[in-house]
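K.L.:
missing the sequence, but the structure's below:
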């Protein structure tokens with residue numbers, strides 16, 4: 001094959017990639033809505049494909065299994081959260097302030113909040129395709145939060161047995177529990193404000209440079 005033919009092949013490949021990326025984005029967006037509404041187990045590949053406007057075979061071309069699609073949905077959401085966290089931290093916000101901002105941002109998209117609540121509950125079963133992902137996700141999330149909190153909290157001032165990892169687990173556990181209450185009865189509480197009230201209780205343990213004036 002000549003160099004010209006090779007170049008033509010590369011151009012054709014590149015020209016089709018944006019369409020493929022757009023199709024994958026469409027599949028993810030549709031899957032997020034369906035999984036959020038009914039969970040992973042009650043939504044089939046054929047239904048997702050129909051909502052996208054392609055055949056099941058066409059969907060499986062992009063995501064070979066339903067499990068791989070689920071993991072792509074979860075990873076997409078996590079990447080968005082991580083990007084938002086980095087954006088707030090880049091503004092010289094401390095981790096607790098950034099965490100509260102992300103809670104507020106998430107509540108503007110209740111469908112995504114519901115998606116995570118439904119899938120995390122379903123994945124309690126060890127046979128669920130998202131089980132291992134959620135286990136590893138919580139391990140890394142708590143470890144990262146504890147590391148960030150170490151630059152905000154004076155660990156030596158904390159009560160005996162309490163560490164930055166303890167506080168990281170409290171913060172995420174509180175946010176997760178309130179998420180269920182908020183989804184069941186949205187008008188019953190302000191999740192962001194309630195977690196902010198808890199964060200205010202931590203102020204006496206802030207390092208001097210991080211204490212509000």
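P.N.:
Happy to help now that I have it. If you're wondering where the values come from, they're calculated on a predicted model, not measured in any experiment. Numbers count the residues shown, from 1 in each chain.
K.L.:
only C-alpha atoms for contact and neighbour calcs from this point on.
P.N.:
Will do.
K.L.:
OK, contacts around the closest residue to residue 128 other than its chain neighbours?
P.N.:
Distances taken as Cα to Cα, 6 or more residues apart in numbering place residue 122 nearest to residue 128, at 7.1 Å, with adjacent residues excluded. Residues near residue 122 by Cα atoms under 8 Å, 6 or more residues apart in numbering: 39-40, 128.
K.L.:
ok, these vs residue 21, which is closest?
P.N.:
Closest approach to residue 21 among the contacts of residue 122 (Cα to Cα): residue 40, at 22.9 Å.
K.L.:
re earlier: buried ones only from the contacts of residue 122, please, as a ChimeraX command.
P.N.:
Per 16 or more other Cα atoms under 10 Å, the buried members of the contacts of residue 122 correspond to this ChimeraX selection:
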select :39,40,128
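K.L.:
from the contacts of residue 122, which has minimum pLDDT?
P.N.:
Least confident by pLDDT among those: that is residue 39, with 83.
K.L.:
which ones are touching that residue?
P.N.:
115, 118-119, 122.
K.L.:
which ones among the contacts of residue 122 are found in strands?
P.N.:
Under the assignment DSSP state E, these contribute nothing to strands.
K.L.:
can you redo the contacts of residue 122 as a markdown table with distance to residue 85?
P.N.:
What follows is the contacts of residue 122, written out as a markdown table (distance: Cα to Cα, whole Å):
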| residue | distance to residue 85 |
| --- | --- |
| 39 | 26 |
| 40 | 27 |
| 128 | 28 |
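K.L.:
And the contacts of residue 122, which is closest to residue 193?
P.N.:
If you rank the contacts of residue 122 by distance to residue 193 using Cα to Cα, residue 39 comes first, at 28.0 Å.
K.L.:
ok now the helix or strand hosting residue 200, how far from the chain's centre?
P.N.:
Using DSSP states H and E, residue 200 falls within helix 191-201. Centroid displacement of helix 191-201 relative to its chain, using Cα atoms, centre = their mean, to the nearest Å, is 20 Å.
K.L.:
tell me the centre residue of the chain?
P.N.:
The chain has residue 78 as the residue nearest its centroid, 3.2 Å off, counting by Cα atoms, centre = their mean.
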